[in-house]
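# I would like to see how this sequence folds:
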Amino acid sequence: MGSQSNEDTGLILDADSHFSIGGVGAALIEGLLSQPLVDLLVMDTQLRIVQAELHVPRVVKLSAEDIVGCFFTDAMEYSDPDAEVAVSRAVLASGTPALDRLVGIHSADSLEVHSTSIFRLEDPQGNVIGLARTTTDVTAREKARNRLALLSSVRQRVGRTLDITATCQELVDTVTVRFPDLTGTVVAGAEPTRFTDIAGVEIVDGVVSGGDPPLAPVDPEVTLRHVASVGCDELLATYPLGDTRAPASDTPYGLVFSDLEPRITTLTPDALWDPEIRDPSTQALIATGAQSMMLVPLTVHGAVLGMAYFYRCGDPEPYDDEDRATACEIAAHAALCLDNARRYTSERLVAATMQRRALPRRPPPQPAVESAYLNLPGRRAGYWFDTIDLPGARTALVVGDVMGEGIEAAMVMGQLRTVVHTLAALDLDPDELMHRLDATATALAQERAALPPADPLHREALTASCLYALFDPFAGTCTICRADHPGPIIAGPDGSIETPDIPEGPPLGSVEKRPFGSCTFEIPEGTVLALHTGSLLADDQTAWEVLSAELSRPGRPLQEQADAVVRAIPEDTRPSAALLLARACSFPADHVATWELTGSDQAASIAREAAVQRLADWGIGQETAFATELVVSELVTNAVRHGAPPVRLRLILDRNLTCEVRDHGSAAPHLRHAGPSDESGRGLYIVSQLTDRWGVRFADGGKVIWAEQTLPVSAGSPR
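All right, here's what the predicted structure looks like:
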């Protein structure tokens, strides 16, 4: 082998020596020499080149005359020559080939990636005579593999949440991951590379809060909000996350928004835009060594969501057209995810607004209950809470939760809350109220099931949970009924904590039909009831412990106790939840009067006289007192004539003046419109005309007919 050539396609060199291979080995060498894309180095046992065929002369450091006979690492600029020598000597010693190793080799203007295999060579007698080292340039293949791995990672990691800020952070975190961490392949001797060293996202300010994105071309006055950034603390110092700016129209940032075309720019101290208008953030980037910049708009269906920026630092290869194509694919996926998040944010804001408008803004004053709310808004907008003022100084406490999220859940919540108010006004027992509420929820569920199959709601079941508690201060009791809802926590006046066992009914609107049971508890003055949605304490033992500890401290303001629960839950894990705290108070004894009456004909006159005297003691105005006297007369007369003894009259003075007449008859009264010649039947009609509202409730084998009048502010009602 004494030939030597230097052709345009590469170098084919050998030297006269005692190096010879026979048989299959020689045929193998000849076969490798004939492969147009495989570079071959044949070395002796001292790792000196004795024969070479190099199709990539740009990576060869020496001239054609000097290659043969030199040490192999002197011929090419390996990224880690010591490692290559060590691997070669290991193959020489063991005979085990080193196959398909990725090795970095520097050419004149870049770092190339070559796939290298090393084989030990032996003569026909089995003596070790050297090594054969094959090398194939796989730079393009590895770049393509890196790009595919990056795109795959972006599709897997970006858009896992429906949060705009989180999606932007996922994007910048993913594109700055090193390629070996994505592909699992390592180039020997080469520093791990990545698609970009610095990445960030700016979103149109209104889009961050769920607003509609502007259509292209974008108004130059549109401001961008810095939402996410990775890789440059100096940039964050000059352009912190959350800051806004309007890019100047004659900078690359502004030009990207004018034509929605990606921009690749080489960053130098005298870059393409005037240093006088260059913002401090760009100066900070140049100071960190950023040399190549790529800006890509984030668009979907012609609407502009924002812009992603990428920077390469140090002395890397500048961005090229292949990088531009990759960035466009990344931006397309990110923009779609961001638009989904924007739509979700917009819907959630609408749902939250609907919920906020539907819920009470502050606890309404109740005659015998002190209450406080805790509202933790979040993704779910289907929960509600209420304190409802009922006749007879009673108070209904309600907490409910509609399964699901978004506008539909908020709408159903509003419907069910309205139904609860309506049913509560009918003075129904808690179990009967829950049964009728379930009937309403079932009707709503059937309407949803009847939607066209293509409607997304058609496949979503409509169910809800609810707890309804009715507190009576005169009886000192609380009756509770629940439908698939967590039971209350009860703290006694002494601070003792109890979680009573209350029968659990089926979810509202479900196909499961079981009766709703209720339980009645004695509630002494000072007792606190804690009603909550299931999400508040479901996965947070700390919140439960704090709530229990707070409730065990009698007399502490309820709002302080509720606020302590909020502080106990980490902000990033706070659920969408509600907490209603209610403390039982005694009704002022001097604002209630009760008389036990016989069933005699004199009962009405006795009741009138007693009522008139008490109204005078309370300082009730003459007009209201006269109307009350007539109401007492009519209700007591009806109880004596149509009911069953004993009869009881009660007057309650609060914000309203309430008259209650109780008897043990079971016949329900009905309002009649008597004719001109009728001698009776006008009693309830007169009552309805003299009062603001009236009603009847059944309890303990009898009934109570009540009537309320609204008092003027100057009256003697407690405030």
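# So which bits of the longest helix along the chain are buried?
In terms of residue count, the longest helix belonging to the chain (DSSP state H) is helix 321-358. Taking 16 or more other C-beta atoms under 10 Å as the basis for neighbour counts, the residues of helix 321-358 that come out buried are 323, 326-327, 330-331, 333-339, 341-342, 344-345, 347-348, 351-352, 354-355, 358. Glycine gets a C-beta too; all of them are placed from N, C-alpha and C.
# Which of the helices or strands spans residue 134?
When secondary structure is defined using DSSP states H and E, the element that contains residue 134 is strand 128-137.
# what mean pLDDT would you report for whichever helix or strand comes after that strand?
On the C-terminal side of strand 128-137, the nearest following helix or strand under DSSP H and E is helix 139-157. What helix 139-157 shows for mean pLDDT is 90.
# Downstream of helix 139-157, the next helix or strand is which one?
Next along the chain after helix 139-157, with elements defined by DSSP H and E, is helix 164-175.
# wait, residue 234 sits on residue 280?
No: counting by C-beta atoms under 8 Å, residue 234 does not reach residue 280; the two are 9.7 Å apart.
# Which of the two has more residues huddled nearby?
Relative neighbour count places residue 234 above the other of residue 234 and residue 280, with 17 against 12, counting by other C-beta atoms under 10 Å.
# Give the closest residue to that one in space, chain neighbours not counted.
On the basis of C-beta to C-beta, 6 or more residues apart in numbering, the spatially nearest residue to residue 234 that is not a chain neighbour turns out to be residue 284, at 4.2 Å.
# check which helix or strand covers residue 420.
With DSSP H and E as criterion, residue 420 is part of helix 406-425.
# and what of residue 581?
Taking DSSP H and E as the criterion, residue 581 maps to strand 577-584.
# export that strand as PDB, just CAs?
Presented in PDB, the C-alpha positions along strand 577-584 are these (Å, rounded to 0.1, in the frame of the first residue of the first chain):
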ATOM      1  CA  ALA A 577     -64.500  26.400  49.200                       C
ATOM      2  CA  ALA A 578     -66.900  28.100  51.600                       C
ATOM      3  CA  LEU A 579     -67.200  28.200  55.400                       C
ATOM      4  CA  LEU A 580     -70.200  29.500  57.300                       C
ATOM      5  CA  LEU A 581     -69.900  30.000  61.100                       C
ATOM      6  CA  ALA A 582     -73.000  30.700  63.200                       C
ATOM      7  CA  ARG A 583     -73.100  31.300  66.900                       C
ATOM      8  CA  ALA A 584     -76.400  30.800  68.700                       C
END
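# Show residues contacting it.
Residues outside strand 577-584 that contact it (C-beta atoms under 8 Å, 6 or more residues apart in numbering): 368-376, 378, 383-385, 387, 395, 397, 399, 471, 473, 476, 478, 523-533, 535-536, 547, 558, 561-562, 565.
# tell me the angle the helix holding residue 420 makes with helix 321-358.
For helix 406-425 against helix 321-358, the angle between stretch directions is 10 degrees (axes from the mean of the first three to the mean of the last three C-alpha atoms, to 10 degrees).
# And for helix 406-425, what's in contact with it?
Residues external to helix 406-425 that are found in contact with it (C-beta under 8 Å, 6+ apart): 347-348, 350-352, 354-355, 358, 380-384, 386, 388, 390, 396, 398, 400, 402-404, 433, 436-437, 440-441, 444, 457, 460, 462, 464, 466, 468, 508, 695.
# List the buried residues of it.
Within helix 406-425, the residues that qualify as buried by neighbour count (16+ other C-beta under 10 Å) are 406-417, 419-420, 423-424.
# what's the farthest-apart pair in those?
Considering C-beta to C-beta, no two members of the buried residues of helix 406-425 lie farther apart than 406 and 424, which are separated by 27.4 Å.
# What is the helix or strand hosting residue 478 packed up against?
Assigning secondary structure by DSSP H and E places residue 478 in strand 477-483. Contact here means 3 or more C-beta pairs under 8 Å, 6 or more residues apart in numbering; DSSP states H and E; on that basis strand 477-483 packs against helix 430-449, strand 464-472, strand 504-505, strand 518-522.
# residues touching residue 295, list them.
Listed by C-beta under 8 Å, 6+ apart, the contact partners of residue 295 are 252-253, 256, 262-263, 265, 307-310.
# helix/strand/coil for it?
On the three-state scheme (DSSP: H, G, I helix; E, B strand; the rest coil), residue 295 is labelled strand.
# beta partners of it?
The residues paired with residue 295 through beta bridges, assigned by DSSP bridges, are residue 263, residue 309.
# Any figure for the gap between it and residue 555?
62 Å (C-beta to C-beta, to the nearest Å).
# can you check residue 505 too?
With distances taken as C-beta to C-beta, residue 505 is found 34 Å from residue 555.
# Settle it for me: which of those two has more neighbours?
Each of residue 505 and residue 555 had its neighbours counted (other C-beta under 10 Å), and the higher figure belongs to residue 505 (25 against 9).
# what is the more buried one paired to in the beta sheet?
Beta-bridge pairing for residue 505 (DSSP bridges): residue 483.
# contacting residues for it?
Here residue 505 is in contact with 434, 438, 481-484, 514-517 (C-beta under 8 Å, 6+ apart).
# Could you list the low-confidence segments of the stretch 251-400 of the chain?
Scanning the stretch 251-400 of the chain for pLDDT under 70 picks out 269-279, 281-282, 363, 378-379.
# in the stretch 551-700 of the chain, which segments are predicted with low confidence?
For the stretch 551-700 of the chain, the stretches with pLDDT under 70 are 670, 672-682.
# How are the strands of it distributed by residue range?
Listed in chain order, the strands of the stretch 551-700 of the chain (DSSP state E, counting those that start in this stretch) span 577-584, 592-597, 647-653, 656-663, 693-699.
# Can you check what angle separates the helix or strand that the last one is followed by from strand 693-699?
Translated: strand 693-699. Read in the C-terminal direction, the helix or strand following strand 693-699 is strand 702-710, with elements assigned using DSSP H and E. Angle, strand 702-710 to strand 693-699, by the same axes, to 10 degrees: 160 degrees.
# distance between strand 702-710 and the chain's centre?
Going by C-alpha atoms, centre = their mean, to the nearest Å, the spacing between the C-alpha centre of strand 702-710 and its chain's C-alpha centre is 48 Å.
# Stretch 125-134 too?
Between the mean C-alpha position of stretch 125-134 and that of its chain there is a distance of 64 Å (C-alpha atoms, centre = their mean).
# what do you get for stretch 524-536?
27 Å.
# Please apply the same query to stretch 152-166.
13 Å.
# quick one: buried residues of it?
Judged by neighbour count using 16+ other C-beta under 10 Å, the buried positions of stretch 152-166 are 153-154, 158-159, 162, 164-166.
# And for stretch 699-712?
702-709, 711.
# ditto for stretch 431-451
Neighbour counts using 16+ other C-beta under 10 Å place 431-438, 440-442, 444-445, 448 of stretch 431-451 among the buried residues.
# any chance of the strands of the stretch 551-700 of the chain in TSV, plus distance to residue 571?
Rendered in TSV, the data for those read as follows (distance: least, C-beta to C-beta, whole Å):
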stretch	distance to residue 571
strand 577-584	13
strand 592-597	46
strand 647-653	45
strand 656-663	43
strand 693-699	45
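# Check the contacts of residue 295 and tell me the two furthest apart.
The largest separation in the contacts of residue 295, counting by C-beta to C-beta, is between 265 and 308 at 14.3 Å.
# More neighbours: which of the two?
The neighbour count for residue 265 versus residue 308, taken as other C-beta under 10 Å, is higher for residue 308 (28 against 18).
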